[in-house]
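Participant: structure of the sequence below:
(2 chains)
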Amino acid sequence: MQSQAGHNMAKWIHRFLTAGSVLLGTLIPLPAMAADPALMQVLELNLNTLWVALAAALVFFMQAGFALLESGMSRAKNAVNVMMKNYMDVCLGSLIYWLLGYGIMFGENLSGFIGLSHFALTDVAAWDYSLLLFQMMFAATAVTICSGAMAERTKYDAYLLAACGITAFIYPVFGSWAWGGLYGGHGWLAELGFIDFAGSTVVHSVGAWCALAGVIILGPRTGRFSREDGSAREIPGHNLSLVALGGFILWLGWFGFNGGSTLAASADIGLILLNTQLAAAAGAVGALLFCRATRQPVLLTSTINGSLAGLVGVTAGCATMTPEFAALTGLVAGAIAVYGSRWLQRRRLDDVVGAIPVHGFAGAWGTVAAGVFVRDDLFNWGQLAVQMVGVLSAFLWAFPTALLLFFLIDRLLGLRASTQHEQQGLDYTEHDEVGYPEFHQHVTFHKES
Amino acid sequence: MTVERKRRAVYTVLSDVAEGAELWQAMWCWQDRYAQKSQFELNGFLSDCQHLPAIARDRSGLYRRLISSMMLAESSLKPDPFDEMQAFAEKTLPSEPSPTAASGDDWSSVVSHTLHGIFGALRSDTASAVGRYAMEQANRHRLQPELNYAFTLWLGNRQPLELAGVALAPIRQLLNYIYIALCETLGPVEADRILSAAVGAVPAAEGSLDARRLL
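Facilitator: Reported below is the predicted structural model:
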């Protein structure tokens, strides 16, 4: 027995020493490696891959943030359904984006309007796999924005079908305009000089405009707005702690979202992450100040949405702004998110989690700000015009296309859950399970045992 | 403008030119397809009713009168004809076959307790709005006539419900209409609370039937 333990310890010491010598061997001869460009290239590729893979993991973790945030803002009877939609967004989004989306977005783009190669990548350079993985997470993020806005009254299958359509076509087509042409050609917006570093418009606004289309086709939750005067009735989420946790996780994930968009483990990451942090913090402050200025209660949900709006806002310009302008961008974005939410309510548009103001309005503002607050080229009106073209083209592409998609799904399958399902809750009717079997306060369904 | 007031306005105009089955058919056509729509779609309503001679005779004149009737003071409108419409529907319109045919279960007492629980938690004006909405929907969707009739009587004077032979599915549907009305009048949070509390408060001793099955 004792000899076996000694043998195991010897094995571990051996492994430790081997790993240490490899590490030292990598670090010590750096000057020697610098003289060898091929070796430097390999090291650079390895480091870049490591950073992008780590960033992809952080962006993936944002899905957990979305799931918690959206679920917490929904009623207990729909908590599982919201989680399921977020979960399946990643699953279906990954497959569809690998099969179709990546090729449309980054494939050879000679027209400037759509990529037409690199579908279902199987045998390419090592770097392409990393890039595909990272971009896959972005696609999942774009589509999951819809799920929160459309929560509590959407049929599960119909939603998943729409999510596939957005990932396969709507999102990557616009992406090809702004970021496309990795394997030849250029997107037309990229040609104009459109700045959207990590996707305020490409990812967030496009997702939000799709969500807006979905919300319009769906209509509000039953009873959300008074029939007499159209005023909005509060439908509080079931767990604000989940909302806060989701907000923190999203914030953390955003370091991967913005930082990873360098696609290189470079020194630029410092500024990008600092800008990200400042904008998020300023976004929360912007929401707070706006609430105080307009004499509204400072809600946890408004504050968290404020910081998320700050993050969305700075996403476009985090690499090209100085910190003070990043903070300003976030501050304004936070106020926009709160105001936008009220603006939608006045129009009787029921966005359960405030995804449209946070991702759409703040994304549009952030994209404009990215053109105005360029470091060493402040207030360049030509750049502002290009940014406006980008923001408008995103809306004019994503909104009508998504409207058509949701309309067709509504006609063919039915997008909206029945009122009976709304009463019973989508957890029970769509998934036959409930999030809180022991603690459900108001049971409006009955499950046969 | 409430559906009730719109119905009174339409009835005020149509009852001058049509009567009997023709009148009630037209009223049901309006109730089913146009009650929730804008007054500017009334032309479509008249178009849908053009097989009725009384309507076909002077569509454009009727359209003008209908539009102006929507602006009349309430005192100038005839009383709400909904009870007569319902009586006509019960006499002539076939009910939809229930997906779960009538079982041997008698839900009378359980439903009665549940309804008392729900309506007892409401102010009288809210209760009457909720009841009217649920009744309209029940008629519009042709729930079992026995159920509609029993519910109408219950709403009128809280007479004991007589639901022997009524299947569970239409009862659940009726309860859902009540829930929707609660959502629309009080908001979904209150609706969830009231429905859940009413079902939870049904005495367990009511035979072997579990009130939660109504949900």
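
Participant: what residues of stretch A:258-266 count as buried?
Facilitator: For stretch A:258-266, a neighbour-count test (16 or more other CB atoms under 10 Å in any protein chain shown) marks A:258-263, A:265 as buried. Heads up, the C-betas are built off the backbone N, CA and C, glycines and all.

Participant: what about it, average pLDDT?
Facilitator: Averaging pLDDT along stretch A:258-266 yields 95.

Participant: residues in contact with that stretch?
Facilitator: For stretch A:258-266, contacts defined as CB atoms under 8 Å, 6 or more residues apart in numbering or on different chains pick out A:44, A:47-48, A:50-52, A:54-56, A:58-59, A:131, A:134, A:197-199, A:268-269, A:272-273, A:275-276, A:314-315, A:318-319.

Participant: stretch B:71-85 too?
Facilitator: Residues contacting stretch B:71-85 (CB under 8 Å, 6+ apart): B:4-5, B:7-9, B:11-12, B:15, B:24, B:27-28, B:31, B:69, B:132, B:135-136, B:139, B:152.

Participant: mind checking what secondary structure whichever residue of chain B sits closest to chain A has?
Facilitator: Closest contact between chain B and chain A, by CB to the nearest CB, is at B:Cys183 (2.8 Å). The three-state label given to B:Cys183 by DSSP: H, G, I helix; E, B strand; the rest coil is helix.

Participant: write out the residues of chain B neighbouring chain A.
Facilitator: Applying CB under 8 Å from any CB of the partner chain, we find that chain B lies next to chain A at B:172-173, B:176, B:179-180, B:182-189, B:191-193, B:195-197, B:199-200, B:210, B:212-215.

Participant: rerun that using 10 Å as the cut-off
Facilitator: Within chain B, the positions adjacent to chain A are B:2-3, B:137, B:172-173, B:175-197, B:199-200, B:210-215 by CB under 10 Å from any CB of the partner chain.

Participant: just the buried residues of the residues you listed.
Facilitator: Applying 16+ other CB under 10 Å to the residues of chain B next to chain A flags B:3, B:137, B:172-173, B:175-196, B:199, B:211-212, B:214-215 as buried.

Participant: picking up where we left off before, secondary structure and distance to B:Phe82 for the buried residues of stretch A:258-266 - can I get that in TSV?
Facilitator: Below are the buried residues of stretch A:258-266 laid out as TSV (DSSP: H, G, I helix; E, B strand; the rest coil; distance: CB to CB, whole Å):
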residue	secondary structure	distance to B:Phe82
A:Asn258	helix	61
A:Gly259	helix	65
A:Gly260	helix	63
A:Ser261	helix	62
A:Thr262	helix	68
A:Leu263	coil	67
A:Ala265	coil	73
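
Participant: which of these lies closest to chain B?
Facilitator: For the buried residues of stretch A:258-266, the nearest to chain B is A:Asn258 (37.4 Å; CB to the nearest CB).

Participant: distance check, the closest one against A:Thr419.
Facilitator: Look at A:Asn258 and A:Thr419: by CB to CB, to the nearest Å, they are 42 Å apart.

Participant: and the helix or strand containing B:Ala134, which residues are buried?
Facilitator: When elements are assigned from DSSP states H and E, B:Ala134 belongs to helix B:124-140. Neighbour counts using 16+ other CB under 10 Å place B:127, B:129-139 of helix B:124-140 among the buried residues.

Participant: could you list the low-confidence segments of chain B?
Facilitator: Residue ranges of chain B with pLDDT under 70: B:32-33, B:36-37, B:90, B:92-104, B:205-208.

Participant: just want the most central residue of it.
Facilitator: Geometric centre of chain B, nearest residue: B:Glu136, 1.4 Å, by CA atoms, centre = their mean.

Participant: for it, list the residues it contacts.
Facilitator: By CB atoms under 10 Å, 6 or more residues apart in numbering or on different chains, the residues touching B:Glu136 are B:3-4, B:7, B:31-32, B:35, B:82, B:85-86, B:177, B:181.

Participant: hmm, back to that, the residue of chain B closest to chain A is in contact with B:Ala134, isn't it?
Facilitator: No: using CB atoms under 10 Å, B:Cys183 is not in contact with B:Ala134; the gap is 11.9 Å.

Participant: want to throw the buried residues of helix B:124-140 into TSV with distance to A:Gly310?
Facilitator: Below are the buried residues of helix B:124-140 laid out as TSV (distance: CB to CB, whole Å):
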residue	distance to A:Gly310
B:Ala127	47
B:Ala129	44
B:Val130	44
B:Gly131	49
B:Arg132	48
B:Tyr133	44
B:Ala134	46
B:Met135	51
B:Glu136	48
B:Gln137	46
B:Ala138	50
B:Asn139	53
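
Participant: now the residue in the stretch 251-400 of chain A that chain B sits nearest to: how far from A:Thr429?
Facilitator: Per CB to the nearest CB, A:Asp350 is where the stretch 251-400 of chain A lies closest to chain B, at 10.9 Å. Using CB to CB, one gets 19 Å for the distance from A:Asp350 to A:Thr429.

Participant: how about A:Ala364?
Facilitator: Distance of A:Ala364 to A:Thr429, computed by CB to CB: 36 Å.

Participant: with adjacent residues omitted, what lies nearest to the closest residue to chain B within the stretch 151-300 of chain A?
Facilitator: Proximity of the stretch 151-300 of chain A to chain B (CB to the nearest CB) peaks at A:Gly223, 2.8 Å away. Leaving aside its chain neighbours, A:Gly223 sits nearest to B:Cys183 (2.8 Å; criterion: CB to CB, 6 or more residues apart in numbering or on different chains).
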